[in-house]
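> Predicted model and sequence follow; I will ask about them next.
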Amino acid sequence: MFYTSYIMAITNSKEQFEDKKLDITLRPQSFNDYIGQEKTKRNLKILIEAAQKRKESIEHVLLYGPAGLGKTTLSHIIAKELGVGIKITSGPAIERVGDLGSILTNLQDGDILFIDEIHRLNKLIEEVLYPAMEDYKLDIIVGKGPSARTLQLDLPKFTLIGATTRLGSISNPLRNRFGAIHRLEFYSPEEIKKIIKRSSTILGIPINEKGSEIIASCSRQTPRIANRILKRVRDLAQIQDKEIICDSVAKETLQMLEVDHVGLEPTDRIIMKTIIEKFDGGPVGIGTIAAATSEEIQTIEDVYEPYLIQLGFLVRTPRGRMITERGLHHLGYAPKKIDL
């Protein structure tokens, strides 16, 4: 049971406990060190340089896209480029208006407030956040009943950076208050290879070209997963007294983790085989898939589906999920014509 859970943790793009220390070690400190997301980087550089010339805080920024692509890292780089402080929290962590008020009143002019999973903010918290974002004012209700009154506090001119994997779950009023909205895309194999080479240098063990290609091919186009796998490959290389990470060590590690050459792990294959064998390749509803595989709907939608769709192995249709011919071929099933 522990082994299966650990395999899922390797390919799960959401942040795990062990990622916190790893991120501090491997996190790029500037735009020059940050590999990929060229369009977003270019736009953010312009935003920062223009604000610095005006001697103003930058506009509020919303970063969205799948987990593990560098939204938190970008927020740190923005703060470093601006030379300001950064306060990090998350939507679920802000439970009461008082929590938000405490955070906002402790910021300095120009500071950045980074809220991860901002789509999970309580609606009451959102309403308090609106005047804070627009007018830098915080409305506090003192007392109860007929004697209740509202106090308005002045806030420092801060910048809110929100991060989300579910842009559609953010309310329109909140989304419209962000001046810059950027989508982070999956990384190309070449970009992942560059990240792996940089990380291996920081970790103190070199990697050859073939080794980096093998790790990159199964990293789900996500830096966080690439770095996780690299750590496990490094462990095996050091146990075997290897001075360099080569293709044989990379392949052996992936076999032990049951991760195939395109990054699919056992649960990915179970989901695909369930659709193929029990539902004739689909279409089938997500609720039925969850029940048949004993997985949660949200886990399937957030962790497994995005990459399967990115690979072209799975499609969403109005009638449900379907496995494509490419997906059938990858699992060794006979191709058949699928009516989409």
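Yes, it's here. Predicted model, so just to flag it, every value in this text is computed and none were measured.
> Can I get stretch 281-295 in PDB, CA atoms only?
Extracted in PDB, the C-alpha atoms of stretch 281-295 (Å, rounded to 0.1, in the frame of the first residue of the first chain):
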ATOM      1  CA  GLY A 281     -13.500   2.300 -24.700                       C
ATOM      2  CA  GLY A 282     -16.200   4.800 -23.700                       C
ATOM      3  CA  PRO A 283     -17.900   7.100 -23.700                       C
ATOM      4  CA  VAL A 284     -18.400   6.800 -19.900                       C
ATOM      5  CA  GLY A 285     -19.100   9.400 -17.200                       C
ATOM      6  CA  ILE A 286     -16.400  10.500 -14.700                       C
ATOM      7  CA  GLY A 287     -18.600   9.400 -11.800                       C
ATOM      8  CA  THR A 288     -18.800   5.900 -13.200                       C
ATOM      9  CA  ILE A 289     -15.000   5.800 -13.800                       C
ATOM     10  CA  ALA A 290     -14.400   6.900 -10.200                       C
ATOM     11  CA  ALA A 291     -16.700   4.200  -8.800                       C
ATOM     12  CA  ALA A 292     -15.100   1.500 -11.000                       C
ATOM     13  CA  THR A 293     -11.500   2.500 -10.100                       C
ATOM     14  CA  SER A 294     -12.100   3.500  -6.400                       C
ATOM     15  CA  GLU A 295     -10.600   6.900  -7.100                       C
END
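> Rounded mean pLDDT for that stretch, please.
The pLDDT scores in stretch 281-295 average 94.
> Ok, stretch 42-59 next?
Stretch 42-59 comes out at a mean pLDDT of 94.
> Can you mark which positions in that stretch are buried?
L44, L47, I48, A51, S57, I58 (16 or more other C-beta atoms under 10 Å). Every residue, glycine included, has its C-beta placed from N, CA and C.
> Farthest-apart pair in these, please.
Put simply, by C-beta to C-beta the two of these set farthest apart are L44 and S57, 14.1 Å from each other.
> those strands in the stretch 201-340 of the chain, which residues are they?
In the stretch 201-340 of the chain, the segments counted as strands under DSSP state E, counting those that start in this stretch are 314-317, 320-323.
> would TSV of the ones you listed with mean pLDDT and distance to V84 be doable?
As requested, the strands of the stretch 201-340 of the chain are exported to TSV (pLDDT from 0 to 100; distance: least, C-beta to C-beta, whole Å):
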stretch	mean pLDDT	distance to V84
strand 314-317	94	41
strand 320-323	95	45
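> Quick check: buried residues in stretch 116-133?
116-122, 125-126, 128-129, 132-133.
> hang on, the earlier thing: what is the nearest of the buried residues of stretch 42-59 to S75?
L44 (10.2 Å).
> Now for that closest one, which secondary structure element holds it?
If you go by DSSP states H and E, L44 is part of helix 38-54.
> In terms of secondary structure, what does that helix contact?
Packed against helix 38-54 by the contact rule (3 or more C-beta pairs under 8 Å, 6 or more residues apart in numbering; DSSP states H and E) you find strand 61-64, helix 71-82, strand 180-183.
> between that helix and helix 71-82, how many degrees?
Inter-element angle recorded for helix 38-54 and helix 71-82: 30 degrees (by axes from the mean of the first three to the mean of the last three C-alpha atoms, to 10 degrees).
> now for the helix or strand where D139 lies, which elements pack on it?
Per DSSP H and E, D139 falls inside strand 137-142. Packed against strand 137-142 by the contact rule (3+ C-beta pairs under 8 Å, 6+ apart) you find helix 97-105, helix 123-135, strand 149-154.
> how's the protein carved up into domains?
Domain assignment for the chain, taken from automatic domain parsing, gives 37-127+157-183, 189-257, 266-330.
> Need the winner for burial among those.
Across these, the average number of neighbours (mean count of other C-beta atoms under 10 Å) peaks for domain 189-257, which reaches a mean of 19.
> ends of it, how far apart?
End-to-end distance for domain 189-257, by C-alpha to C-alpha, to the nearest Å: 21 Å.
> next one: stretch 61-76
Note: stretch 61-76 ends 13 Å apart using C-alpha to C-alpha.
> starting at the chain centroid, how far to that stretch?
6 Å (C-alpha atoms, centre = their mean, to the nearest Å).
> can you check stretch 283-298 too?
The answer for stretch 283-298 is 23 Å, by C-alpha atoms, centre = their mean.
> Alright, that wraps it up for me.
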